[in-house]
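[1] Got a predicted structure plus its sequence, pasted below:
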Amino acid sequence: MGIGVAILDMMSPYLEYIGPIMPGEIFPYFFTMEMFQRALLSAIMVTIVSGFLGAFLLIRNLALIGDGLAHVSFGGVAVGIVLGATSPLYYALLFSAISSIIIYELQSREILTGDASIAIFLTGMLAFGLVILRYSGGGITVDIEGYLFGNLLLIDSQDLDLIAAISIFSLLTLMMIHSVLLATTIDPLAAQIQGIPVRGIGLIFSVITAMVVVSMVQVVGTLLVTALLVTPAATAQLIGRSFRSCLVLTQIFGFSSVILGLYLSAEMDTGTGSMIALVSAMIFAAVAISKMITSYTSAMRIHSLNEA
């Protein structure tokens with residue numbers, strides 16, 4: 001029994017208890033049926049760790065790295081499918097981890113800018129995955145669409161164990177290095193003078209990012225990773241007054257996107273990944289518009305007082 005299955009067995013009685021009070025006709029099944037419970041648990045674990053990671057990605061100006069590594073992971077998924085792997089996510093993990101290290105080295109050694117190296121890997125590995133699938137005669141099947149756009153219901157026990165292991169390891173690692181990671185982000189030169197291994201921290205962060213991205217592939221898909229990795233964190237930055245408050249708000253917005261997205265996708269019979277991405281974008285839009293209206297109102301009030 002893997003760690004994911006163990007967590008599911010522990011949480012299952014509580015999910016079944018609150019299932020009957022959940023709204024809708026289909027949505028309560030996410031709390032009562034094992035297949036749906038795996039999907040819900042995977043989404044929750046991914047949301048927690050991606051929220052913490054996304055906050056750091058934004059302040060390090062690496063918002064696109066998640067999107068790039070997600071496309072790289074598709075190349076790994078394609079190789080795994082062609083080779084007949086029972087869980088192609090392991091191949092995606094290998095491809096993404098290696099690519100994240102190369103991208104970091106290209107950026108830190110100033111061989112290429114971060115965006116340029118990300119763009120090259122993004123397009124190259126996505127094209128590689130599509131070509132190898134077409135060459136093998138498989139093409140874009142329903143399973144492939146699940147990896148592209150996300151399909152929580154395709155998550156089996158092996159995938160759940162991998163997602164759980166990645167989520168727990170990544171979250172614990174981020175909690176252990178968060179202070180030095182913040183220091184290297186704000187002023188890497190000062191951090192290096194203080195004896196902090198800036199390059200080592202950067203490599204660890206890059207690999208953690210790759211691992212988290214792979215865990216998100218079946219939740220929102222390779223094409224929609226930004227929906228959970230960046231959008232909730234960006235929404236939190238609009239109204240957060242400190243980095244700590246942004247971390248809390250990111251979790252709130254992330255959970256709201258996932259739960260509401262799962263509910264709407266279940267009741268409207270749409271893709272889970274696309275609906276989660278849409279809800280996340282709508283929450284961002286609502287908060288952004290609200291902040292603009294508040295700022296405009298405050299500016300007009302100050303202008304009126306000055307004239308008086």
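    Sure thing, it's come through.

[2] And the contacts of the helix or strand of the chain with the lowest mean pLDDT?
    When each helix and strand of the chain is scored by mean pLDDT, DSSP states H and E, helix 142-149 comes last, with a mean of 74. Residues from elsewhere that reach helix 142-149 (C-beta atoms under 8 Å, 6 or more residues apart in numbering): 74, 77-78, 81, 88, 133, 138, 140, 151, 154, 217-218, 221-224, 271, 273-274. All C-beta spots, glycine's among them, are computed from the backbone N, C-alpha and C.

[3] Any chance of a ChimeraX selection covering the buried ones in those?
    Filtering the contacts of helix 142-149 down to the buried ones (16 or more other C-beta atoms under 10 Å) takes a single ChimeraX command:
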select :74,77,78,81,88,133,151,154,217,218,221,222,223,224,271,273,274
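
[4] circling back to that earlier point, in the least confident helix or strand of the chain, what's buried?
    Buried residues in helix 142-149 (16+ other C-beta under 10 Å): 144, 146-149.

[5] Hmm, residue 235 and residue 58 touching each other?
    No. Counting by C-beta atoms under 8 Å, residue 58 does not reach residue 235; the two are 10.6 Å apart.

[6] In terms of packing, which of those two has more residues around it?
    Per other C-beta atoms under 10 Å, whichever of residue 58 and residue 235 has more neighbours is residue 235, with 26 against 18.

[7] Could you report the neighbour count for residue 20?
    Residue 20: 9 neighbours (other C-beta under 10 Å).

[8] dump the residue contacts of it.
    residue 28 are the contacts of residue 20 under C-beta under 8 Å, 6+ apart.

[9] measure it to residue 33 for me?
    13 Å (C-beta to C-beta, to the nearest Å).

[10] which of the residues in the helix or strand where residue 286 lies are buried?
    Under the criterion of DSSP states H and E, residue 286 resides in helix 272-307. Of all the residues in helix 272-307, those buried under the rule 16+ other C-beta under 10 Å are 272-280, 283-284, 287.

[11] for stretch 51-62, what is the average pLDDT?
    Regarding stretch 51-62, the rounded mean pLDDT is 89.

[12] and that stretch, which residues are buried?
    For stretch 51-62, a neighbour-count test (16+ other C-beta under 10 Å) marks 51-58, 60, 62 as buried.

[13] Next: stretch 26-38.
    Here stretch 26-38 shows 27-32, 36-38 as buried, counting by 16+ other C-beta under 10 Å.

[14] by how many degrees do the helix holding residue 286 and helix 142-149 diverge?
    Helix 272-307 runs at 20 degrees relative to helix 142-149, counting by axes from the mean of the first three to the mean of the last three C-alpha atoms, to 10 degrees.

[15] got the phi/psi numbers for residue 22?
    Note on residue 22: its backbone torsions stand at phi -80, psi 140 [degrees, to the nearest 10].

[16] Next: residue 223.
    According to degrees, to the nearest 10, residue 223 has phi -90, psi -10.
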